[in-house]
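**Q** Below is the sequence, then the predicted model.
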Amino acid sequence: MADAPEVGAPSSRSVQDRVLAYWERTGVPAEALTQARGERLFRFTEGPPTANGAPHLGHLVGRTLKDVELRYHRMRGERLVSPMAGWDCHGLPVELEIEKRLGVKSKKEIEAYGVERFCDLCRASTLEVASVWREMSRRLGYWLDYDRAYRTMDAPYMESVWWSLKTLFDRGLLEKGHYVLPYCPRCETPLSSHEVAQGYRETTDPSVTVRFPLVGSEGPPRDLLVWTTTPWTLPANLLVAARADVEYSVVRAEHGREAVLASAAVPRYFPAGTEVVERRLGRTLEGLTYGPPFETPGPGPGRFRVVLDDFVTTADGTGFVHVAPSFGPDDQRIGAREQVGVFDPLDSRGVFTDVVPLVRGKSFKVADAILLQDLAARDLVVRSDTVRHTYPHCWRCGTPLLYRAIDSWFVRTSRATERLVRHNATVHWVPAHLREGRFGNFLTEAKDWALSRNRYWGTPLPIWGCPQGHFTCVGSFDELSERLGAPLPDPFDPHRVTVDRLEIACGTCGARARREPYTIDAWYDSGSAPFAQFHYPFEPGPFDPAAPLDFIAEGLDQTRGWFYSLLVIATLLFDRPAYRTCEVNGMVLDPEARKMSKSKGNVVEPMSLLERFGADPVRWAFLAVDFTEPMRMSEGIIQKTAARTLGTLGNVVAFHQENARADRLPAAFDEPHPTAALDRWILSRLEATRSLVDAGLDDADLRRAAAAVRGFVDDLSTWYLRRSRPRFWSEPPSPDRTDAHATLSYALLGLATTLAPLLPFTAEWIHQEVGELGFRERDRSVHLGAWPTRLAPRDEDLERAMDEVRALVEVGRELRQRAEVKSRIPLAELVLFGPASPALTALGPEGEALLADELNVKRVRRAAASDRAGHADAQWVVREEGGTPIAALPRTPTPELQEEGLAREVGRRLQQTRKELGLRYSERVAVTVGATGALRAALERRRADLAHDLLADPLEVVEGPLAGEGGVRSWDVDGLTFSARIVRRER
RNA sequence: GGGCCCAUAGCUUAGUUUGGCUGGAGCACCCGGCUGAUAACCGGGAGGUCGUCGGUUCAAAUCCGACUGGGCCCA
């Protein structure tokens, strides 16, 4: 076909590439980001990804969800604040990457290398992956401002963070303490609880039960049995805890000794029938003293005795818990209460110091075996085993963590629990259960936030301490300069390399103060993004301390991460929630529902999907499933999900374009006012769909919106278009043909607008293709248009009536099947029993015409429901429901109708041949048909109709099969044979 | 050990908030049809102990309890 219209499926890569090229050449995304039709702001902050990590499929889901909502609100005329992309630049992830590159393994080596050079490398490495993220967002159609992205390592950003820290400090919410924290001995820094949460792993640890001999008891020697999975903490043992209300037994053990343990634990350690010497409650054991497992220097008063505490359980172990106050939160609490001091034999790398000569210079994990051996040699080990359990590891470097008491700065979140809970109660969580569920629970248990890190690449804690023990928190660069009594270097880099050198005047006593040598948790950086990205309060900007963000969306893993730090910071600084709506997506799994991991080799890279399919099929796949739950995803799944709706939609557009172009008809941008019920119906369905998508997006229920679109595309293709096809080529062109064309193009354009937030590429393609009869790239982008508040009149009665017609079609088809009469053979009539429903009556004769046409019957006749007898089973197939007749069809066609059907079948085969010969629909041909007997007679009688349908002039019918040469083809239809030759006519 | 979530046909799912018509739909499968969209379209069929057990109720996929399996989080 020489002038065949160029039509592409919207799901194809090439079409999407073309849309992308159009956007970029005409600057559509930039215009969309800055365009402001209304006054209302839509507050949003992009959750900043770690600046040296590659994107994964979870990011693709999150960005799809964000993009849909952002587009919708933009089209509604709201101004997006802020459209900035963002980068989380600080912290361990970046430092570790550099350590790996340098091949260094400890802080000592970093310091030997030079902290300044090290930080320079960190800074340089942060945006190496930026281009991948940017390309992914570009391909996905996720429009953010990447040119003005906020970066947590930029001086203005950091100054805002300092401002916030000083605000907390002034309110007494930022304090130094000495508490037990999870600690990475390799990174030599404490971690926050949300970092710990990311690193649980299965490990095998020793599981040992050790005897602690009691001192000064009468009678046979007695031992407390103590169970631990961390033998390396035994040298730091200062107390043993029992529980007051638990019953303990003294049992006869080997070698004339007696053992004390919880009665519930006796069966785990002693065979049945072991003699119980005595039973007593835990509270009676208080104050007993014992010999420690290892001699350690300077035992202070009150050490090595039994104390009572409710944290002891008997679910496993012996009912006695060894207490090493420097190595556990409960231990520390008990140690403080009992005033026994602390004893920490480890250095900052987790290596034993000289105070324990036996394991001097050994790492704590290595020490386990040596210490155990020594205990065994002294016959103190009752049982030695191993246990498999989950144990926290450093989320970045994989080293097993230890819990230890350490100096650290804390944000006193525990003092704001009530406010955190209250603010969280106002958040629209998607899914809703997070509010009271996982996130809510976490809030009520909120512990103080261990903010400081003993590291290099991060926002320095802006606190200086003087020899008198006063602390001064600096809240701006000007303040720093003032306290310094000198101008700051220009440009000023507020990282450690600079500020570590600065000594300021103490704000309390004026003495020289040195900076506390910490950086802060990078999660605090990112949680400050809503204000720090605008350099609040130092520069004017759209940030409003009273206004929460309207919308954020990230993955479930942010529950303890960003969602938490945002809320804590907003609550402590501004006493308000951080966000109104928080949309949370589950994780993406492989097709077998397994986690994607490099070790399993089942990782799907986001870019590979975008490269293979383009954005919309991928977006559609995510919108079609429940994104709040774990979702399975693969190329195959995307193909299947996308093919249906996008493929069908592509077919509809292709059909429209073929006919519209053949007719050179202009597209209808204005609302048409067609008379045909079919047209009014699809317009009503269009409006219904628009309103459903509107409600779904307004409610952050994307799946509902996507389902509405799916339903409409189905109706458009499988009913409207199927029923309308002949209308598009009625000859001569009629007003009805014009109406059909106008309605279809308007419906497609309306759909494009409705679809724009969900499938931006497809929407643009339809908008351009249909609007201009060809992708002209000169029309205004659909994404710069307004969200429609009304597309067409809604007529729910008409929709109901059409549903009835379609239901009756199903009944009719079933009857044809039972009568074994193919659809191509016309039947005289369809009988419908009983009166028509009000809806159907309102539809008028058009409803019956649709029925008759679709079912290929000559007419529809109404019969009284009592007239069942008039339609005997010998002549009729009847559908009944509950004994009432519904509809009936004649069992056999009349000979005349039989003949009509036969002619129609011949015509169809010849049309097919025309098409195979590459003839255009308007091209005239000469046709010779060869047939015999009844078939020939039938064709002769219908020669005029056939000639008309086939644009054949002349059309000759001759006797017998044609000679099998020169383009002659033959067919066999229901046992009758015929042959034909079709020749293109010269013009 | 604790918390949250999920469980409907081989797959994706509607329905569960507010209990009530034979639990709908799409893909795949089987049979048939259609043919100026054609890697489409239409009809029919088969396929479901609504994870299991118990309770409430005239009535339970839906409400309650226990359990099983899976996921995530925490200890």
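**A** Received it, and whenever you're ready, just let me know what you need.
**Q** close to RNA strand B, is the lengthiest strand in chain A?
**A** In chain A, with assignment by DSSP state E, the single longest strand is strand A:200-213. Yes: using CB under 7 Å from any atom of the strand, strand A:200-213 reaches RNA strand B at A:Y200. Placement of C-beta: from N, CA and C, glycine included.
**Q** Pairing partners for the next helix or strand after that strand, with directions?
**A** Proceeding N to C from strand A:200-213, the next assigned helix or strand is strand A:222-228, under DSSP states H and E. In the sheet, strand A:222-228 lines up against strand A:200-213 (antiparallel), strand A:258-262 (parallel) (DSSP bridges).
**Q** if we can go back for a sec, what are the buried residues along the longest strand of chain A?
**A** A:D205, A:P206, A:S207, A:V208, A:T209, A:V210, A:R211, A:F212 (16 or more other CB atoms under 10 Å).
**Q** Show the average pLDDT along that strand.
**A** Average pLDDT, strand A:200-213: 82.
**Q** now do stretch A:175-188
**A** On average, stretch A:175-188 scores 86.
**Q** need the contact list for A:T559.
**A** A:L434, A:R438, A:F439, A:F442, A:V584 (CB atoms under 8 Å, 6 or more residues apart in numbering).
**Q** thinking again about what came up before, to A:D739, which of the strands paired with strand A:222-228 lies closest?
**A** When the strands paired with strand A:222-228 are compared by CB to CB, strand A:200-213 sits nearest A:D739, at 65.4 Å.
**Q** Show me what residue of the stretch 551-700 of chain A gets nearest to RNA strand B.
**A** In the stretch 551-700 of chain A, no residue comes nearer to RNA strand B than A:N651, which is 3.0 Å away by CB to the nearest atom of the strand.
**Q** if I've got this straight, that residue is in a strand?
**A** No: applying DSSP: H, G, I helix; E, B strand; the rest coil, one finds A:N651 to be helix, outside a strand.
**Q** Mind listing what's buried along stretch A:389-399?
**A** Residues of stretch A:389-399 classed as buried by neighbour count (16+ other CB under 10 Å): A:Y391, A:P392, A:H393, A:C394, A:W395, A:R396, A:C397, A:T399.
**Q** got the residues of the stretch 801-950 of chain A near RNA strand B?
**A** Counting by CB under 7 Å from any atom of the strand, the stretch 801-950 of chain A sits next to RNA strand B at A:809-810, A:813-814, A:817, A:822-825, A:904-905, A:908, A:911-912, A:915, A:921-922.
**Q** thinking again about what came up before, could you dump the buried residues of strand A:200-213 to CSV with distance to A:E940?
**A** Below are the buried residues of strand A:200-213 laid out as CSV (distance: CB to CB, whole Å):
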residue, distance to A:E940
A:D205, 96
A:P206, 100
A:S207, 98
A:V208, 104
A:T209, 105
A:V210, 109
A:R211, 113
A:F212, 114
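**Q** re the thing from before, and of the buried residues of stretch A:389-399, the nearest to A:G561?
**A** A:W395 (10.7 Å).
**Q** Please give the element, helix or strand, for that closest one.
**A** Using DSSP H and E, A:W395 sits within no helix or strand.
**Q** Just list whatever residues bridge to the spatially most central residue of chain A.
**A** Note on chain A: the residue nearest the mean C-alpha position is A:N585, at 3.3 Å, using CA atoms, centre = their mean. Judged by DSSP bridges, the bridge partners of A:N585 are A:G555.
**Q** sorry, back to before: PyMOL command for the buried members of the residues of the stretch 801-950 of chain A next to RNA strand B?
**A** Applying 16+ other CB under 10 Å to these, the buried members can be selected in PyMOL as follows:
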select buried, chain A and resi 809+825+904+905
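**Q** Tell me if stretch A:322-340 is near RNA strand B.
**A** No: if you take CB under 7 Å from any atom of the strand as the test, stretch A:322-340 misses RNA strand B, and the best it gets is 7.7 Å.
**Q** and that stretch, which residues are buried?
**A** Across stretch A:322-340, burial judged by 16+ other CB under 10 Å covers A:322-335, A:338, A:340.
**Q** Let's see the distance spanning it from one end to the other.
**A** Using CA to CA, to the nearest Å, the end-to-end distance of stretch A:322-340 comes out at 14 Å.
**Q** same thing with stretch A:469-489?
**A** When the termini of stretch A:469-489 are compared using CA to CA, they are 28 Å apart.
**Q** could you give me the average pLDDT of that stretch?
**A** If you average the pLDDT over stretch A:469-489, you get 94.
**Q** Show me what that stretch is in contact with.
**A** Stretch A:469-489 is contacted from outside by A:155, A:159, A:162-163, A:165-167, A:169-170, A:174, A:176, A:462-466, A:492, A:494, A:498-499, A:502-509, A:511, A:513, A:516, A:538, using CB under 8 Å, 6+ apart.
**Q** Which of those residues fall in helices?
**A** A:A155, A:E159, A:W162, A:W163, A:L165, A:K166, A:T167, A:F169, A:D170, A:T498, A:V499 (DSSP state H).
**Q** of all the residues you listed, which two lie farthest apart?
**A** Between any two of the ones in helices among the contacts of stretch A:469-489, the greatest separation by CB to CB is 24.1 Å, found for A:D170 and A:T498.
**Q** Which of these two has more residues huddled nearby?
**A** Neighbours were counted for A:D170 and for A:T498 using other CB atoms under 10 Å; A:T498 has more, 15 against 11.
**Q** dump the residue contacts of the more buried one.
**A** Here A:T498 is in contact with A:P489, A:F492 (CB under 8 Å, 6+ apart).
**Q** Any figure for the gap between it and A:V115?
**A** In this view, A:T498 and A:V115 are 11 Å apart by CB to CB, to the nearest Å.
**Q** Check A:V28 too.
**A** 46 Å.
**Q** Let me know the secondary structure of A:E39.
**A** Following three-state DSSP, we place A:E39 in the coil state.
**Q** Please name the residues that touch the residue nearest to the centre of chain A.
**A** Per CB under 8 Å, 6+ apart, neighbours of A:N585: A:G58, A:V61, A:G62, A:L65, A:A553, A:E554, A:G555, A:L556, A:F627, A:T628.
**Q** and if we set it to 7 Å?
**A** By CB atoms under 7 Å, 6 or more residues apart in numbering, A:N585 lies in contact with A:G58, A:V61, A:G62, A:L65, A:G555, A:L556, A:F627, A:T628.
**Q** Tell me the most packed of these, by neighbour count.
**A** Most neighbours among those, by other CB under 10 Å: A:V61, with 27 neighbours.
**Q** domains of chain A?
**A** Domain assignment for chain A, taken from automatic domain parsing, gives A:200-392, A:633-781, A:798-893, A:903-984.
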